[in-house]
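[1] Build me a model from this:
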Amino acid sequence: MGLLIAAYASLAAWLWLTLAQGMFWRTDVRLPPRTAPARWPSVAVVVPARDEAEVLPRSLPSLLAQDYPGEAGIVLVDDGSTDGTAALALRLAAEQPGLPLTVLTPSDPPPGWTGKLWALRHGIGHVTGVGAQAPAYLLLTDADIAHEPDSLRELVAAATSADLDLVSQMARLRVASVWERLVVPAFVYFFAQLYPFRRINRPAARTAAAAGGCVLLRTEAAVRAGIPDSIRQAVIDDVALARAVRRSGGRIWLGLAERVDSVRPYPALADLWRMVSRSAYAQLRHRPLLLAGTVAGLALVYLVPPAAFLAGLAGGRPAVTAAGGLAWLLMAGTYLPMLRYYRQPAALAPLLPVTALLYLLMTVDSAVQHYRGRGAAWKGRTYARPSDA
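    Prediction:
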């Protein structure tokens with residue numbers, strides 16, 4: 001009886017997710033309709049970078065080569081790198097004519113600041129400070145993100161056409177290794193399930209999120225929302241940024257990218273594990289009850305369907321088999337559009353419960369590392385929860 005109840009509960013959850021969770025599974029949310037503005041506004045591209053010498057040769061040249069009709073420049077903020085990131089950036093700019101590049105090297109972040117947001121503070125302050133002609137927009141983009149030559153132009157056209165204060169695209173992540181193929185599309189699928197893009201893009205919506213790798217932000221909106229000072233402790237800074245902009249009255253938009261790609265490799269499971277576990281418990285606000293609820297929810301939604309289907313078949317229980325099988329079918333069916341977006345075979349869709357189990361274990365490990373004093377760690381830094389900072 002218990003398995004039958006669990007199977008029906010999981011099926012009910014999947015019916016609700018499929019029909020009532022903002023159509024999160026659709027992947028057609030791309031840049032909104034846009035036309036070129038009569039006068040192209042000025043833009044400053046701010047790139048926080050810490051030990052990015054491996055990926056910079058594939059990302060920075062794409063920014064230098066932006067075909068933008070207005071005034072634009074790049075500020076790369078070297079956040080305490082030890083691998084020659086700053087020198088490499090200057091060399092790449094010297095080898096490839098394009099947008100002007102400025103490299104800043106601020107001090108280490110003080111207590112209460114994450115490294116990335118401290119770097120953004122210096123980059124934004126450099127282009128908006130006393131004596132500077134503040135740009136109309138800021139493009140905040142990570143050092144591992146490569147842009148097609150028209151990326152900046154299309155982002156600005158979208159923002160000006162729809163009068164948006166924030167336009168963010170979730171970059172297409174790399175899917176080359178076996179583990180990347182198994183884990184990466186699901187990462188974006190789970191994110192969209194938590195933050196349905198269509199819901200975020202409604203002007204009156206309460207839900208807010210952005211993808212930190214590519215955020216075009218109106219400078220006036222950044223000032224009004226106190227960015228980045230108002231979110232200086234945020235480990236999941238992209239969601240915090242979008243919430244701050246929305247709270248201050250700004251209009252935001254989030255969608256999938258077509259011509260913006262991450263070039264950072266995650267060849268082994270350990271690399272992907274670190275990517276997820278470093279911030280998973282922070283997403284749950286370091287609350288044990290939220291962790292317990294998340295683990296239970298993941299098990300009910302993703303693990304019960306295949307377990308019920310297989311147990312029902314083995315035990316000759318058609319009601320359990322049908323409920324588990326239908327829930328599993330809905331799960332796989334809603335995952336197919338994301339697999340197509342990532343150009344992956346449909347055969348991976350039924351394996352989503354395996355990936356969900358990995359994410360469950362990563363989330364638990366994130367909590368374990370937090371209580372061992374190693375939570376929210378990234379490139380040699382460990383961040384306390386905001387209340388402890």
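[2] so where's this structure uncertain?
    130, 375-389 (pLDDT under 70).
[3] Going along the chain, name the strands of the protein.
    43-49, 72-78, 101-104, 137-141, 145-147, 166-172, 214-218, 252-262, 377-378, 381-382 (DSSP state E).
[4] Which of those sits closest to Thr363?
    Shortest distance between Thr363 and these, using Cβ to Cβ, is found for strand 377-378: 15.3 Å. Backbone N, C-alpha and C define where each C-beta goes, glycine included.
[5] Looking at the strands of the chain, spot the one closest to Trp14.
    Comparing these by Cβ to Cβ, strand 252-262 comes nearest, at 22.4 Å.
[6] angle of that closest one against strand 214-218?
    Put simply, strand 252-262 runs at 140 degrees to strand 214-218, going by axes from the mean of the first three to the mean of the last three Cα atoms, to 10 degrees.
[7] Now strand 252-262: buried residues?
    By 16 or more other Cβ atoms under 10 Å, the buried positions in strand 252-262 come out as Ile252, Trp253, Leu254, Gly255, Leu256, Ala257, Arg259, Val260, Asp261, Ser262.
[8] picking that back up, mind putting the strands of the chain in JSON lines, distance to Ser366 included?
    Shown next, in JSON lines, are the strands of the chain (distance: least, Cβ to Cβ, whole Å):
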{"stretch": "strand 43-49", "distance to Ser366": "22"}
{"stretch": "strand 72-78", "distance to Ser366": "27"}
{"stretch": "strand 101-104", "distance to Ser366": "31"}
{"stretch": "strand 137-141", "distance to Ser366": "25"}
{"stretch": "strand 145-147", "distance to Ser366": "24"}
{"stretch": "strand 166-172", "distance to Ser366": "21"}
{"stretch": "strand 214-218", "distance to Ser366": "24"}
{"stretch": "strand 252-262", "distance to Ser366": "21"}
{"stretch": "strand 377-378", "distance to Ser366": "10"}
{"stretch": "strand 381-382", "distance to Ser366": "12"}
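[9] Max pairwise distance over the buried residues of strand 252-262: which two?
    It's Ile252 and Asp261 that sit farthest apart of those, by Cβ to Cβ, at 22.2 Å.
[10] Name the residue closest to the centre of the protein, please.
    Among the residues of the chain, the one closest to the centroid is Ala211, at 3.8 Å (Cα atoms, centre = their mean).
[11] for Leu60, what are its contacts?
    Residues near Leu60 by Cβ atoms under 8 Å, 6 or more residues apart in numbering: Val47, Ile74, Leu76, Ala89, Leu92, Ala93, Leu101, Ala143.
[12] just those now: which is nearest Trp40?
    Among the contacts of Leu60, and counting by Cβ to Cβ, the member closest to Trp40 is Ile74, at 16.5 Å.
[13] Against Glu52, how distant is the closest one?
    14 Å (Cβ to Cβ, to the nearest Å).
[14] Which other helices and strands does the longest helix seen in the chain contact?
    Counting by DSSP state H, the longest helix found in the chain is helix 318-341. If you count contacts as 3 or more Cβ pairs under 8 Å, 6 or more residues apart in numbering; DSSP states H and E, helix 318-341 packs onto helix 2-20, helix 178-194, helix 304-315, helix 352-371.
[15] List the buried residues for the second one?
    Read that as helix 178-194. Going by neighbour count (16+ other Cβ under 10 Å), the buried part of helix 178-194 is 179-193.
[16] cool, the shortest one as well?
    Of the residues in helix 304-315, Val304, Pro305, Pro306, Ala307, Ala308, Phe309, Ala311, Gly312 count as buried by neighbour count, 16+ other Cβ under 10 Å.
[17] try the last one
    Residues of helix 352-371 classed as buried by neighbour count (16+ other Cβ under 10 Å): 352-353, 355-356, 358-360, 362-367, 369-370.
[18] what does stretch 320-334 give?
    Buried-residue list, stretch 320-334, by 16+ other Cβ under 10 Å: 320-332, 334.
[19] again with stretch 270-278
    Those would be Leu272, Trp273, Arg274, Met275, Val276, Ser277, Arg278, for stretch 270-278 by 16+ other Cβ under 10 Å.
[20] Which residue is the nearest non-sequential neighbour of the fifth one?
    This means Val276. Distances taken as Cβ to Cβ, 6 or more residues apart in numbering put Met362 closest to Val276, at 4.3 Å, once the chain neighbours are dropped.
[21] Contact partners for that neighbour?
    Trp273, Val276, Ser277, Ala280.
[22] I'd say the last one and Gln369 touch.
    This points to Ala280. No - at 9.6 Å, Ala280 does not count as touching Gln369 under the criterion of Cβ atoms under 8 Å.
[23] from the chain's centre, how far out does stretch 263-275 sit?
    In terms of Cα atoms, centre = their mean, to the nearest Å, the centre of stretch 263-275 is found 15 Å from the chain centre.
[24] First-to-last residue distance for that stretch?
    The first and last residues of stretch 263-275 sit 14 Å apart, counting by Cα to Cα, to the nearest Å.
[25] before we move on, the earlier item: closest one of the buried residues of helix 304-315 to Glu154?
    For those, the closest approach to Glu154 (Cβ to Cβ) belongs to Pro305, at 39.6 Å.
[26] That closest one: what's it in contact with?
    Here Pro305 is in contact with Ala7, Ser10, Leu11, Trp14, Gly324, Gly325, Ala327, Trp328, Met331, Pro353 (Cβ under 8 Å, 6+ apart).
[27] Would you check how far apart it and Val183 are?
    Going from Pro305 to Val183 by Cβ to Cβ gives 20 Å.
[28] Can you give me the neighbour number for the closest residue to Phe24 other than its chain neighbours?
    Distances taken as Cβ to Cβ, 6+ apart place Pro196 nearest to Phe24, at 4.1 Å, with adjacent residues excluded. When neighbours are counted by other Cβ atoms under 10 Å, Pro196 registers 24.
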